[in-house]
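Colleague: Below is the sequence, then the predicted model.
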Amino acid sequence: MVTTSKDHENHYAYATNLSNIQASNGCLSIQIRKHNVALFYHNSKVYAVDNRCPHMGFPLSKGTVKDSILTCHWHHARFDLKNGGTFDQWAGDVHSFPVEIRNKNEVWVDVSSIP
């Protein structure tokens, strides 16, 4: 199947403005299609991950990011902010979503994998 630019556009949903994430200390929890997503602004880029830690469900928006590693504050599970991969075998990977910045301030998230 060939993906057209129209198909690509339909996979993305507007999430928020970049300035809203920056004003929230670099992290903002939002709802997209009834799914809770955490947006992080780190090293001049925006990342989107499922807001539930796969280990025990703690909101990752309450975690911290250092050196592109997102740490859940409940049991200290650690995830690569860029792709959601875990550094701890007992935690499992967190689902991450592709992000695009449009018009220099609009944050769009690929929702094609949201159920």
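Modeller: Arrived safely, thanks for sending. Please read these numbers as outputs of a predicted model, since none were measured by experiment. Numbers count the residues shown, from 1 in each chain.

Colleague: now what about the strand ranked longest in the chain, what contacts it?
Modeller: Across the chain, the strand with the greatest residue count (assigned by DSSP state E) is strand 35-42. Residues outside strand 35-42 that contact it (Cβ atoms under 8 Å, 6 or more residues apart in numbering): 15-16, 18, 21-22, 26-31, 46-52, 59-61, 65, 68, 70, 81, 97, 99, 107, 109, 111, 114-115. Just so you know, the C-beta spots here come from the backbone N, C-alpha and C atoms, and that holds for glycine as well.

Colleague: Please pick the buried ones from the residues you listed.
Modeller: Buried by 16 or more other Cβ atoms under 10 Å: 15-16, 18, 21, 27-28, 30, 46-52, 60-61, 65, 70, 81, 97, 99, 107, 109, 111, out of these.

Colleague: now, which of the residues you listed lie within strands?
Modeller: The strands, defined by DSSP E, take in 15-16, 27-28, 30, 46-50, 65, 70, 97, 99, 107, 109 from those.

Colleague: Show me where this protein dips below the pLDDT cut-off.
Modeller: Applying pLDDT under 70 to the chain picks out residues 1-9, 115.

Colleague: Could I get the contacting residues of the residue nearest the centre of it?
Modeller: For the chain, the residue nearest the mean C-alpha position is A48 (1.3 Å; Cα atoms, centre = their mean). Contacts of A48 were listed using Cβ under 8 Å, 6+ apart, and they are A15, V37, A38, L39, F40, S96, F97, P98, V99, V109.

Colleague: my guess is the last one contacts P98, does it?
Modeller: Yes: at 7.4 Å, V109 and P98 qualify as touching, with contact defined as Cβ atoms under 8 Å.

Colleague: Need the max-distance pair from the contacts of A48.
Modeller: Pairwise distances among the contacts of A48 were taken by Cβ to Cβ; the largest, 14.7 Å, belongs to A38 and P98.

Colleague: Specify which residue of those two has the higher count of neighbours.
Modeller: A count of neighbours by other Cβ atoms under 10 Å puts A38 above the other of A38 and P98, at 21 against 14.
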